[in-house]
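**Q** The sequence and its predicted three-dimensional model are supplied below.
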Amino acid sequence: RRERCVTRSPRLSAGRVAKCVVVAVSTVADAPDSWFDVKFEMPLKLKADEAGALQAMSYMGHFGLSWDRLAGVVSMSRERGAAGTRAYLHEQTDRKGYLETSCEIFPLRCFDIAPVAGSAVALVMAAESADQDIRKPAWVRGSGAAQERGAIGQRRLWEAPALRAAAKQAYTQARITDALKEISCFEISDYYSPQAGLWCEALGLAPSSKGLMLFERDNKTLPPGTVIDPSGGCLCGYALGVGGLARLAEASRWVQGRGAGQEAPCAKALAHSQSGLCGQSHWVFILGA
């Protein structure tokens, strides 16, 4: 699990172990009840997708964003997922197809919600002393983790302070001063399409309310060769408890030069994971060659 990936890293850097295998397997279809506040949220019988819809309304409504902008996130995700081999969904959809679908959980359409799929991921983590035994390693240059209060009624859902804090920790360790210029690949855990914009803003890739613009076809903000969710991301399928480690695996492939559709070398990549309702907890890893 992604938590174990965090705890194992200090053991490797301290020389207590040379190598370890991190494995995540899950077929869980919904968030556990422990995610919900016992007094206020459990009586409402909320589900994770309903909480995601509340966050979507909060984010889009607070900044006055048009729901049509989500079409760019979905179409780009599906296009890249179809081009790869590890995504659960391979069916593409365009802007017209997106807008013709009805709401699944208002205001989210079915395309806006990451489909749940059985998933398994395995990574080999090694200390720097094992460099000679590894072909094209992707080293962890920085990492960060943070969380905020769990009750969604006590949070500003259009912000992501925990992700901002986790990103700041990781950037400081990796000596990143401008993420958009220094990192070529971003694998983000966006369980709902509005989160793609919100998480990009918290990672410092765009100002507040401008994150969804990064997914528009005519966007000129991203430097040449920089990609977000080149694997298709969680919107092409994820399993609870596995999505974060999958993002780490996909980001490592780009550093190793094995990314789907990769045309240029990638010196640094970012992997992001979230947990809890509406992104209560966040992890950020910076990988480098």
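**A** Received, thanks.

**Q** continuing past the lowest-mean-pLDDT helix or strand in the chain, what's the next helix or strand?
**A** In the chain, no helix or strand scores lower on mean pLDDT, DSSP states H and E than helix 2-13, which sits at a mean of 51. As assigned by DSSP states H and E, the chain's next helix or strand after helix 2-13 is strand 19-26.

**Q** buried residues in the next helix-or-strand element following that following strand?
**A** Downstream of strand 19-26, the first helix or strand assigned by DSSP H and E is helix 48-63. Buried residues in helix 48-63, defined by neighbour count with 16 or more other CB atoms under 10 Å: 48-49, 51-60, 63. Just so you know, the C-beta spots here come from the backbone N, C-alpha and C atoms, and that holds for glycine as well.

**Q** Quote the end-to-end distance of stretch 173-186.
**A** 17 Å (CA to CA, to the nearest Å).

**Q** Just the buried positions in that stretch, please.
**A** Those would be 173-174, 176, 179-180, 182-186, for stretch 173-186 by 16+ other CB under 10 Å.

**Q** Now find how far off-centre it is within its chain.
**A** If you compare the mean C-alpha spot of stretch 173-186 with that of the full chain, they lie 16 Å apart, counting by CA atoms, centre = their mean, to the nearest Å.

**Q** Same check on stretch 180-194?
**A** 6 Å.

**Q** Quote the end-to-end distance of it.
**A** Note: stretch 180-194 ends 20 Å apart using CA to CA.

**Q** before we move on, what about stretch 217-224?
**A** 13 Å.

**Q** Strands of this protein, residue ranges please.
**A** For the chain, strands defined by DSSP state E occupy the ranges 19-26, 103-105, 108-109, 119-126, 139-147, 185-187, 227-228, 268-275, 281-288.

**Q** Same list, those strands, but as CSV with distance to Leu235 and mean pLDDT please.
**A** Below are the strands of the chain laid out as CSV (distance: least, CB to CB, whole Å; pLDDT from 0 to 100):
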stretch, distance to Leu235, mean pLDDT
strand 19-26, 18, 86
strand 103-105, 13, 89
strand 108-109, 11, 94
strand 119-126, 14, 86
strand 139-147, 23, 94
strand 185-187, 12, 96
strand 227-228, 12, 93
strand 268-275, 14, 95
strand 281-288, 18, 96
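
**Q** Looking at these, which is nearest to Tyr88?
**A** Across those, Tyr88 has its closest neighbour in strand 119-126 (7.8 Å, CB to CB).

**Q** Next one: the closest residue to Lys181 other than its chain neighbours from Ile188, what distance?
**A** Nearest residue to Lys181 in three dimensions, chain neighbours excluded: Pro223, at 6.2 Å (CB to CB, 6 or more residues apart in numbering). Using CB to CB, to the nearest Å, we find Pro223 at a distance of 17 Å from Ile188.

**Q** More neighbours: which of the two?
**A** Higher neighbour count among Pro223 and Ile188: Ile188, with 24 against 11, using other CB atoms under 10 Å.

**Q** pretty sure the more buried one contacts Pro230?
**A** No: counting by CB atoms under 8 Å, Ile188 does not reach Pro230; the two are 10.8 Å apart.

**Q** picking that back up, could you check the pLDDT of the residue nearest to Lys181?
**A** pLDDT for Pro223: 89.

**Q** before we move on, what about Val38?
**A** Val38 is given a pLDDT of 71.

**Q** and it, how many neighbours does it have?
**A** Count around Val38 with other CB under 10 Å applied: 10.

**Q** Distance check, it against Glu50.
**A** Val38 is 17 Å from Glu50, by CB to CB.

**Q** Show me what counts as buried in stretch 109-117.
**A** Quick answer for stretch 109-117 (16+ other CB under 10 Å): 109, 111-114, 116-117.

**Q** what does that stretch rub up against?
**A** 28-30, 49, 52, 56, 70, 74, 78, 88-89, 93, 98, 101-105, 190-194, 234-240, 243 (CB atoms under 8 Å, 6 or more residues apart in numbering).
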